[in-house]
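S.K.: Structure, please.
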Amino acid sequence: MARKHGRTRGGTVLVAGGAGFIGSHLMDALLTQGCRVICVDNFLTGRMETVRPLLNHPDFRLIRADICDLTDLDERPDRIYNLACAASPPHYQADPIHTMMTCVRGSGNLLALAARTGARFLQASTSEVYGDPEQHPQREDYLGHVNCTGPRACYDEGKRAAEALCFDMLRAKAADVRVARIFNTYGPRMRADDGRIVSNLIVQALSGQPLTIYGHGGQTRSFCYVSDLVRGLMALMAVETNPQGPVNLGNPEELTVNGLADMVRDMVPEAGPLVTRPLPVDDPRRRRPDISRAKTLLGWQPQVPLAKGLSETVNWFAIEMGTTPARSASQSSLSGEQLAQGV
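M.R.: Numbering: from 1, shown residues only. Model prediction:
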C-alpha cells in the first residue's frame, strides 16, 4: 500500500546517497523549495549526523537501504537524484566490488524505478571518467584516459558504466535521464577521514600536524564550493530540454596542490610544515572542467570564490574539532588576488 502524505508544492524527490556530503546539502535545498524528500542511504559513508536535523521535518523520510537491493518504493517520486556511491579513494577502494556494483546494479535499480514511475533521473557522475587526462581542460566530448584495471578502476569504470546505462535508457526513451560530471567539490560536512585533499589539509592544519602533499605538489585541481554545485545539479534536473549528453559541473579556476596548501596554512597559522609522500597510482596530473555546456544550457557557473569557501570550510571543521577558527581572507597576509590564485 502506498504511503499517505500531503502533496507538496515541489513534488516528491528521491535522493539516493542523501546522507553524504553533497546529498545532504541537496536535500536541504530541496526541502527549502517545498519538496517532499525521500533519502535512501546505506550509511557506509553517509553519516546520521547530516540527516538527524531533518528527521522531524514533515516532508522528509529516511529509508536505510542499499540501492543494490532497492527494487521498489511505496511512494511515487517525481525526480530521482543518484548520488549513492563512495567518492573518495580510501572509501571506494575499501570494497571495490561493492563500489562497482553500486555504480552498475544500484544505478540500474534506480533507472528501472524511474522508468516505472516516469520520474526524471539525474546521475551524479564524476570527472574521474576522464582519468589522467591528456586533454586540458576537459570537455564532455573527451573520451578519457582511464586505467581500466588499476586500483581506481572500480570507481572510474563504475561511473563510466553507469553513464552508459543512463544513455542507453535515454536512447530507448525509457526515462528522462541527465548526467552531471562532478569535479572536485568541497565545503562543510565533508568527512574528516575521506582522504580528499581539502579535508586532509584542513584537518592536519587544525591539528597542528604537517600537511601531506602527494607527489611534487604541482598537480592541479579545480575546487567548486558545495552550494554552487547543488545549484548546478538542480538546474540540470530542472531544465526542460534534455541535454542529450553529460554536463560538466565544476569550477574552471585551476590551482596547484601546493597553492591550496599555502592557502590553508595562511588561514590556520598553527599548521605544520609540508611533507611529501609518493603520488598514488593513476592520480591525475591536471584537472579543470570546460563548463561551456553548463553556461549555455543551464545558465550556470560557480559564484563562491575559493578564499571565501575555503574559510567557511575551515571554520566548520574547527567547530567540529573544537579548535580555533580560521583567519578570514581579509585578515590573511596574502592579497585577495593571491588567495584566488592559490599562490
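S.K.: For the rest of this, base every contact and every neighbour count on C-alpha atoms.
M.R.: Noted.
S.K.: who's in contact with residue 91?
M.R.: Residue 91 makes contacts with 45, 194, as judged by Cα atoms under 8 Å, 6 or more residues apart in numbering.
S.K.: which SSE is it in?
M.R.: Secondary structure from DSSP states H and E places residue 91 in helix 89-92.
S.K.: Tell me how this protein divides into domains.
M.R.: Under the assignment automatic domain parsing, the domains of the chain span 12-185+224-249, 197-222+252-287+303-341.
S.K.: what would these look like in a markdown table with distance to residue 293 and mean pLDDT?
M.R.: Putting the domains of the chain into a markdown table (distance: least, Cα to Cα, whole Å; pLDDT from 0 to 100) gives the following:
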| stretch | distance to residue 293 | mean pLDDT |
| --- | --- | --- |
| domain 12-185+224-249 | 6 | 96 |
| domain 197-222+252-287+303-341 | 13 | 85 |
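S.K.: Can you tell me which of these is nearest to residue 294?
M.R.: domain 12-185+224-249 (6.2 Å; Cα to Cα).
S.K.: Ends of that closest one, what's the gap?
M.R.: When the termini of domain 12-185+224-249 are compared using Cα to Cα, to the nearest Å, they are 24 Å apart.
S.K.: so how far is that domain from its chain's centroid?
M.R.: 9 Å (Cα atoms, centre = their mean, to the nearest Å).
S.K.: what about the strands in the chain?
M.R.: 12-16, 36-41, 60-64, 79-82, 120-126, 177-182, 185-186, 211-214, 220-222, 224-225, 247-249, 254-256, 274-277 (DSSP state E).
S.K.: Enumerate every residue touching the residue nearest to residue 264 when sequence neighbours are not counted.
M.R.: Take residue 264 and drop its neighbours on the chain: the residue closest to it by Cα to Cα, 6 or more residues apart in numbering is residue 202, 6.5 Å away. For residue 202, the contact set (Cα under 8 Å, 6+ apart) comprises 264, 314, 317.
S.K.: Let's have those residues in TSV, adding neighbour count and distance to residue 114.
M.R.: TSV is the format used below for the contacts of residue 202 (neighbours: other Cα atoms under 10 Å; distance: Cα to Cα, whole Å):
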residue	neighbour count	distance to residue 114
264	28	42
314	28	38
317	25	37
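S.K.: from the residues you listed, which single one is nearest residue 108?
M.R.: Nearest to residue 108, judged by Cα to Cα, of the contacts of residue 202 is residue 317 at 35.6 Å.
S.K.: So the closest one sits against residue 204, correct?
M.R.: No: look at residue 317 against residue 204 with Cα atoms under 8 Å: they stay out of range, at 10.7 Å.
S.K.: Pull stretch 219-236 out as CSV, backbone CA atoms only.
M.R.: The C-alpha trace of stretch 219-236 is given here as CSV (Å, rounded to 0.1, in the frame of the first residue of the first chain):
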residue,chain,number,x,y,z
GLN,A,219,49.4,18.7,-9.9
THR,A,220,46.4,20.8,-10.3
ARG,A,221,42.7,20.7,-9.3
SER,A,222,39.7,23.0,-9.6
PHE,A,223,37.6,23.3,-6.5
CYS,A,224,33.9,24.1,-6.5
TYR,A,225,32.0,25.1,-3.3
VAL,A,226,29.2,22.8,-2.5
SER,A,227,26.4,25.4,-2.7
ASP,A,228,27.5,26.2,-6.3
LEU,A,229,27.4,22.5,-7.2
VAL,A,230,23.9,22.0,-5.7
ARG,A,231,22.6,24.9,-7.8
GLY,A,232,24.1,23.2,-10.8
LEU,A,233,22.6,19.8,-10.0
MET,A,234,19.1,21.4,-9.5
ALA,A,235,19.4,23.4,-12.7
LEU,A,236,20.3,20.3,-14.7
